[in-house]
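Q: Here is my input; please provide its structure:
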Amino acid sequence: MNGSWHLGRLAGIDVRIHWTFLLLPIWIYYSSLAAGSGAVAATVAVLLVFAIFGCVVLHELGHSLTARRFGIPTRDITLLPIGGVASLQRIPRSPWQELAIAIAGPAVNVVIATALFALLPLLAATSIFADGVLAFLGQLAWVNVALVVFNMLPAFPMDGGRVLRALLAMGMPYRNATRLAASVGQVVAVLFALFGLLSANLMLVILAGFVFLAGRGEAMMVEREAEWERRGWRPIDSTGEQPLPLEQVSLQPASPQSAAAEQSLPVVNAQWDARNVLGWLSSQSVDEFLVSSHGVVVAVVRKCDLLKAVAAGMGSFTLERLLSGRFLPFRNLRSPSM
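A: Below is the predicted model of the structure:
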């Protein structure tokens with residue numbers, strides 16, 4: 001996500017923090033001071049925010065590790081002021097898989113809350129920890145309960161909305177299930193916004209806007225993929241099978257004569273989206289271009305094939321998704337040992 005900084009890796013997944021997240025602890029600190037809580041209480045409130053977002057990272061890790069069991073990688077986990085986002089490379093079309101992935105996040109919060117509630121009486125009995133520490137842990141436990149309840153609300157694309165879509169998709173077409181879940185989610189988002197306005201809760205209003213737009217965006221994507229399928233394009237995971245790795249989806253291998261010509265082709269990053277690549281290539285008088293991933297050139301793609309993908313409505317897709325999702329033919333340049 002643009003505007004985010006890399007914090008580290010957890011279970012092989014990049015954890016990032018968006019710059020807007022820093023506004024949250026600053027706002028919490030000065031709001032506490034304005035309420036007359038004092039510097040110590042304000043600092044504790046900020047520490048609680050960081051502890052909560054530590055639980056949010058574990059929540060998103062629950063989604064990511066469950067998705068990994070189904071062969072779905074996670075690009076990264078990004079922390080925002082309104083919560084965390086695990087960027088899965090694709091959304092499974094299997095209702096059971098989506099159900100398991102959606103439930104995994106709140107299940108982590110259930111485990112955290114249960115552990116804290118079980119631990120608190122034991123810590124209190126030892127008389128080692130101050131009352132303030134016990135109160136802090138008690139607050140953290142109840143926040144995890146609130147995270148479970150809030151995330152399980154049927155506000156698609158939040159966890160509860162994805163659970164709703166998965167359950168609906170067990171008895172109706174995926175497209176119809178998405179449309180219905182998104183509609184329910186938009187109603188819930190409007191209620192969030194109204195409650196936020198009435199209670200002067202700006203964060204809830206922002207979250208409502210995010211839920212409304214994200215739910216509508218994903219519903220539109222599913223509609224678009226259904227249209228691609230009608231035209232003969234094959235959407236990612238449309239049959240429940242795993243997308244092939246890059247090296248398994250290719251055109252005919254390059255001949256020795258064409259290898260020299262490839263040296264002069266322009267190189268673009270696999271993370272660029274198709275529309276930007278096409279715009280950049282418009283000034284290049286070439287028919288093909290090279291795609292690099294992690295500093296290694298992995299494929300040759302024809303400009304005419306990329307133009308077809310953009311014309312079909314896939315301009316916002318990264319080259320990586322187009323290639324791994326089998327939307328775009330290419331010639332493999334990876335060595336067999338890679």
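
Q: tell me the helices in the stretch 1-150 of the chain, going along the chain?
A: Secondary structure of the stretch 1-150 of the chain (DSSP state H, counting those that start in this stretch): helices located at 23-34, 39-69, 95-126, 131-151.

Q: Ok, which of those helices comes nearest E218?
A: E218 lies closest, by Cβ to Cβ, to one member of those: helix 95-126, at 11.9 Å. In this view, the C-beta of every residue, glycine as well, is placed from N, C-alpha and C.

Q: so the closest one versus helix 39-69, what angle?
A: 140 degrees (axes from the mean of the first three to the mean of the last three Cα atoms, to 10 degrees).

Q: what helices or strands is helix 95-126 leaning on?
A: Helices and strands touching helix 95-126, by 3 or more Cβ pairs under 8 Å, 6 or more residues apart in numbering; DSSP states H and E, are helix 39-69, helix 131-151, helix 159-169.

Q: Mean neighbour count, those helices: which tops it?
A: The highest mean neighbour count among these, using mean count of other Cβ atoms under 10 Å, belongs to helix 159-169: a mean of 23.

Q: So which residues make contact with the next helix or strand along the chain from that one?
A: With elements assigned by DSSP states H and E, the helix or strand that comes after helix 159-169 is helix 174-198. The contact list for helix 174-198, computed with Cβ atoms under 8 Å, 6 or more residues apart in numbering, reads 93, 95, 153-158, 161-162, 164-166, 168-169, 172, 201-205, 207-209, 211-212, 215-216, 218-219, 222-223, 226.

Q: 6 Å instead?
A: Residues outside helix 174-198 that contact it (Cβ atoms under 6 Å, 6 or more residues apart in numbering): 93, 154-156, 161, 164-165, 168-169, 204-205, 208, 211-212, 215, 219, 222, 226.

Q: measure A309 to S293 for me?
A: 18 Å (Cβ to Cβ, to the nearest Å).

Q: Can you check which of the helices and strands packed on helix 95-126 gets nearest to G84?
A: For G84, the closest of these is helix 39-69, at 4.3 Å, according to Cβ to Cβ.

Q: tell me the angle of the closest one relative to helix 159-169?
A: Using the same axes, to 10 degrees: helix 39-69 against helix 159-169 is 20 degrees.

Q: Nearest to F317 among the helices of the stretch 1-150 of the chain would be which one?
A: Closest among these, using Cβ to Cβ: helix 39-69, at 19.2 Å.

Q: and the closest one, what does it pack onto?
A: Packing partners of helix 39-69 (3 or more Cβ pairs under 6 Å, 6 or more residues apart in numbering; DSSP states H and E): helix 23-34, strand 74-80, strand 83-88, helix 95-126, helix 131-151.

Q: got the angle between that helix and helix 131-151?
A: Orientation check (the same axes, to 10 degrees): helix 39-69 against helix 131-151 gives 40 degrees.

Q: So for helix 39-69, mean pLDDT?
A: For helix 39-69, the mean pLDDT works out to 94.

Q: Could you do stretch 15-26 as well?
A: Stretch 15-26 comes out with an average pLDDT of 89.

Q: go on, stretch 292-312?
A: Rounded to a whole number, the mean pLDDT of stretch 292-312 is 83.

Q: and what of stretch 85-94?
A: If you average the pLDDT over stretch 85-94, you get 84.

Q: Out of the helices and strands packed on helix 39-69, which gets nearest to P266?
A: Evaluated over those, closeness to P266 peaks at strand 74-80, with 24.7 Å, by Cβ to Cβ.

Q: Starting from the closest one, tell me which strands it pairs with and how they run.
A: Strand 74-80 has these partner strands in its sheet, going by DSSP bridges: strand 13-18 (parallel), strand 83-88 (antiparallel).

Q: Put the alpha carbons of the last one into PDB.
A: Coordinates of each C-alpha in strand 83-88 appear next as PDB, following Å, rounded to 0.1, in the frame of the first residue of the first chain:
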ATOM      1  CA  GLY A  83      -7.600  -1.400  11.900                       C
ATOM      2  CA  GLY A  84      -5.500  -3.900   9.900                       C
ATOM      3  CA  VAL A  85      -5.600  -5.200   6.400                       C
ATOM      4  CA  ALA A  86      -4.200  -8.500   5.300                       C
ATOM      5  CA  SER A  87      -3.700  -8.300   1.500                       C
ATOM      6  CA  LEU A  88      -4.400 -11.800   0.200                       C
END
